[in-house]
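In: What follows is a predicted structure for the sequence shown.
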Amino acid sequence: MPVKIRLQRHGKKGKPFYWIVAADARSKRDGKYLEKLGTYNPNFNPAQIELNVDGTVKWLQNGAQPTDTAKSILSYRGVMLKNHLVGGVRKGALTEEQAEAKFQAWVEEKNAKVDAKKSDLVKVKEAEAVKQFQAEKATNEARIAAAAPVVEEVIEEAAPVVVEEAAPVEVAAEEVVVEEAAPVEVAAEEVVVEEAAPVEVAAEEVVVEEAAPVEVVTEEVVAEEATPEAPATEEK
């Protein structure tokens, strides 16, 4: 059964994430696989690769063939070098200790290069951030300088308008209140005094004039009618 070492796609649309698998060459790309050997994430710079080096070397020794993309990834992680060293040990060209020492030396050198690349990328990113900040700062300063004369003109035009309109309004209000309040109170007092005095005097005079003559007339009528009837009774 021919075996291939290839990538099997996973992840979201626009953000692919791959598994490195050993699968039957006749199966579909994303179908069944024989063994998962590692992962490959190209969404980072540099790309993140996790790989079982010894397991991948065994598959290569048993005749598995990597695809072009998979071969590049395996070379990046030193799998192809170790497979070559294992072949040399089988042929007796070097011992296992020598092969392991050479492989570890290569891994250290490779890690140093990767770290240097990461450091360079960080420096470039920081330089771009500083450059962008300076550009934004210059733009803001130019905008403030351009807006300063306009603000000064607006302040100069607005200041005299506020002072001239506010002062006369307060003075006019005070004069109107003082002139209308004084005459109203004086007129009310005079009207009350003139109407109250004559009403009480007229009432007393009317009562005295009508009471006196009524009592006098009544007494005289009684006396005149009583005197002639008395002698008539005595003659009989």
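Out: It's in. Worth saying up front: this structure is predicted, and the values here are computed from it rather than measured.
In: Show me the helices in this structure, by range?
Out: For the chain, the helices defined by DSSP state H cover 53-61, 68-76, 79-91, 96-226, 229-235.
In: Identify the residues contacting the first one?
Out: It stands for helix 53-61. 3, 5, 20, 22, 35, 37-38, 66, 74, 77-80, 82-83, 86-87 (C-beta atoms under 8 Å, 6 or more residues apart in numbering). Yep, even glycine has a C-beta here, placed from its N, CA and C like the rest.
In: what do you get if the cut-off is 7 Å, keeping everything else the same?
Out: The contact list for helix 53-61, computed with C-beta atoms under 7 Å, 6 or more residues apart in numbering, reads 3, 5, 22, 35, 37, 74, 77, 78, 79, 82, 83, 86.
In: The second one too?
Out: Contact with helix 68-76 is made by 5, 6, 7, 20, 40, 49, 56, 66, 80, as judged by C-beta under 7 Å, 6+ apart.
In: if we can go back for a sec, can you tell me which of the contacts of helix 53-61 are classed as buried?
Out: Those of these that meet the buried threshold are 3, 5, 22, 35, 37, 74, 77, 78, 79, 82, 83, 86, by 16 or more other C-beta atoms under 10 Å.
In: I'd like these laid out as TSV, including distance to residue 145 and pLDDT.
Out: Compiled in TSV, the buried ones among the contacts of helix 53-61 are given as follows (distance: C-beta to C-beta, whole Å; pLDDT from 0 to 100):
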residue	distance to residue 145	pLDDT
3	70	91
5	63	93
22	67	93
35	67	93
37	62	93
74	59	93
77	56	90
78	58	91
79	61	91
82	64	91
83	66	90
86	70	89
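In: thought residue 35 was touching residue 22?
Out: Yes. Using C-beta atoms under 7 Å, residue 35 makes contact with residue 22 at a distance of 4.7 Å.
In: hmm, who's touching stretch 101-118?
Out: So stretch 101-118 is in contact with 46, 78, 81, 82, 85, going by C-beta under 7 Å, 6+ apart.
In: average pLDDT for it?
Out: What stretch 101-118 shows for mean pLDDT is 88.
In: ok, the closest residue to residue 4 other than its chain neighbours - contacts?
Out: Spatial nearest neighbour of residue 4, excluding adjacent residues (C-beta to C-beta, 6 or more residues apart in numbering): residue 25 at 4.7 Å. Applying C-beta under 7 Å, 6+ apart to residue 25 gives the contacts 2, 3, 4.
In: just the residues you listed now: which is nearest residue 100?
Out: Distance ranking of the contacts of residue 25 against residue 100, using C-beta to C-beta, places residue 3 first at 26.0 Å.
In: Format the contacts of helix 53-61 as TSV; extra columns: distance to residue 96.
Out: TSV is the format used below for the contacts of helix 53-61 (distance: C-beta to C-beta, whole Å):
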residue	distance to residue 96
3	25
5	24
22	24
35	24
37	22
74	21
77	20
78	16
79	17
82	11
83	14
86	9
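In: Please enumerate residues in contact with stretch 82-100?
Out: The contact list for stretch 82-100 (C-beta under 7 Å, 6+ apart) reads 53, 57, 60, 61, 102, 103.
In: buried stuff in that stretch?
Out: Using 16+ other C-beta under 10 Å as the test for burial, stretch 82-100 gives 82, 83, 85, 86, 99.
In: Could you list the low-confidence segments of the chain?
Out: 1, 150-236 (pLDDT under 70).
In: could you redo the last one with a cut-off of 90?
Out: 1-2, 11-14, 25-32, 44-48, 62-63, 86-96, 99-100, 107, 110-236 (pLDDT under 90).
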